[in-house]
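Novice: Compute the structure for the input listed below.
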Amino acid sequence: MLKNIAIIMGGYSSEYEISLKSGAVVYETLDRNKYVPYSIHIFKNKWVYVDDNGNETPINKDDFSVLIDNKKITFDCVFNAIHGSPGEDGFMQGYFELLGIPQTSCSMYQAALTFNKRDLLATLKPFGIKTAESYYLNLGDTIDKDVIVAKVGLPCFVKANKAGSSFGISKVYKKEDLKAAIELSFKEDDEIIIEQFLDGVEVSVGVISFKGETKVLPITEIVSENDFFDYQAKYEGKSQEITPARISKDYEEKVRREAKKIYETLKMKGFSRSEFIFKNDEPYLLEMNTVPGLTKESILPQQAAKAGITLKDLFGNAIEDAMKK
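Specialist: Model (predicted):
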């Protein structure tokens, strides 16, 4: 019997356009011999099912059902393709857990933790995971530029603590430019993390649950044409994403080991993509994404392809894995 699959996409953050593209790829790719996919757009002002003609039908939030041609449709599983809030920060995970509907991303606690860069890095430090020197600011805090520079040095990165796709991030070279960078980050979030610049090879490591096992995908080397791996580099072709990465066997083994350790330490499931920079021959964790991009430009699908995993198998496995748990 075919399974009804709700593909949730959109979201409340600046990443909604990328999420819509990711969700569309999932919708186009799912095996129609196994699944009946439904595109569900989640926005602050509406939750709607969108048919192939663009017609919208409201979702009943009481049980996450939809009425189509006077027939109530419920879902066997939810494929989560929302980047940012509320799909990557734990809200949708908690909602579906309360309703008893399986969903493809990690659980509520892991989503909330990994979405908060500061909390994630603090949680992993006792497990020996290396991270850059950092300084934290909350909206309304006194900004002492001298103290910040003394802690993290220059250049440094100013980031929104809970945002993805390089929204609200700046690379700062001069102390007098800190204020503008901080103001930009506060447009995305009321918490900021200011990090030491790590000068080294940057890599992205996908780790997934695949056929009951933790699988580390081929590593991608990030070479940005811009000053860092910003939005243009990620989504507008201003970077080289080289898979497999041009790194030594020693580097590869180290970063694969760290990525798998993080995934299993946090008791993750579903997809993840972690970013590292090598400093003094050791991988330093930058962040972890639990609903990584699934567009044709995105890194995780590239890595899966190199591992011999088709998108149909990648997405289908995520659904089957979620429904087993």
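
Novice: Model confidence at the most centrally placed residue in the chain, what's the number?
Specialist: By Cα atoms, centre = their mean, the chain has its centre lying nearest to N289, at 2.9 Å. At N289, the model reports a pLDDT of 95.

Novice: wait, what's in contact with it?
Specialist: Taking Cβ atoms under 8 Å, 6 or more residues apart in numbering, we find N289 in contact with H83, E88, T114, G164, S272, R273, S274, E275. Glycine gets a C-beta too; all of them are placed from N, C-alpha and C.

Novice: swap in D51?
Specialist: Contacts of D51 by Cβ under 8 Å, 6+ apart are S39, T57.

Novice: on that earlier part again, filter the contacts of N289 down to the ones in strands?
Specialist: The strands, defined by DSSP state E, take in S272, R273, S274, E275 from the contacts of N289.

Novice: Go ahead and name everything in contact with the one helix or strand E320 maps to.
Specialist: Here E320 sits within helix 311-324, counting by DSSP states H and E. Contacts to helix 311-324, defined as Cβ under 8 Å, 6+ apart, come from residues 3, 5, 25-26, 29-31, 34-35, 76-77, 79, 102-104, 208-212, 269-271, 294, 301, 304-305.

Novice: Where in the chain is the helix or strand with the lowest mean pLDDT?
Specialist: Ranked by mean pLDDT, DSSP states H and E, the helix or strand of the chain with the weakest confidence is helix 231-235, at a mean of 46.

Novice: Next one: the spatially closest residue to A112 that is not a sequence neighbour from E56, what distance?
Specialist: Spatial nearest neighbour of A112, chain neighbours left out: G90 (3.5 Å); criterion: Cβ to Cβ, 6 or more residues apart in numbering. Per Cβ to Cβ, to the nearest Å, G90 is found 26 Å from E56.

Novice: Comparing those two, which shows the higher neighbour count?
Specialist: For G90 versus E56, neighbours defined as other Cβ atoms under 10 Å are more numerous around G90 (24 against 12).

Novice: for the more buried one, what are its contacts?
Specialist: Here G90 is in contact with M108, Y109, A111, A112, F115 (criterion: Cβ under 8 Å, 6+ apart).

Novice: at 10 Å instead, please
Specialist: 97, 105-116, 290 (Cβ atoms under 10 Å, 6 or more residues apart in numbering).

Novice: H83 now?
Specialist: Taking Cβ under 10 Å, 6+ apart as the test, what H83 contacts is 9-11, 13-23, 163-165, 289-294.

Novice: Could I have the buried ones of the residues you listed as PyMOL selection syntax?
Specialist: Selection of buried members from the contacts of H83 for PyMOL, criterion 16 or more other Cβ atoms under 10 Å:
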select buried, resi 9+10+11+13+14+15+16+18+19+20+21+22+23+163+164+165+289+290+291+292+293+294
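
Novice: Any buried residues in stretch 119-129, and which?
Specialist: For stretch 119-129, the neighbour count (16+ other Cβ under 10 Å) marks L120, L121, T123, L124, I129 as buried.

Novice: If you could redo that for stretch 180-194, that was the one I meant.
Specialist: Across stretch 180-194, burial judged by 16+ other Cβ under 10 Å covers A181, I182, L184, S185, F186, E188, D189, E191, I192, I193, I194.

Novice: Then stretch 315-325?
Specialist: Going by neighbour count (16+ other Cβ under 10 Å), the buried part of stretch 315-325 is F315, G316, N317, A318, I319, E320, D321, A322.

Novice: distance of the nearest residue to the last one once chain neighbours are set aside from F96?
Specialist: What it means is A322. Counting by Cβ to Cβ, 6+ apart, A322 lies nearest to P102, which is 4.2 Å off, once chain neighbours are set aside. Distance from P102 to F96, counting by Cβ to Cβ: 8 Å.
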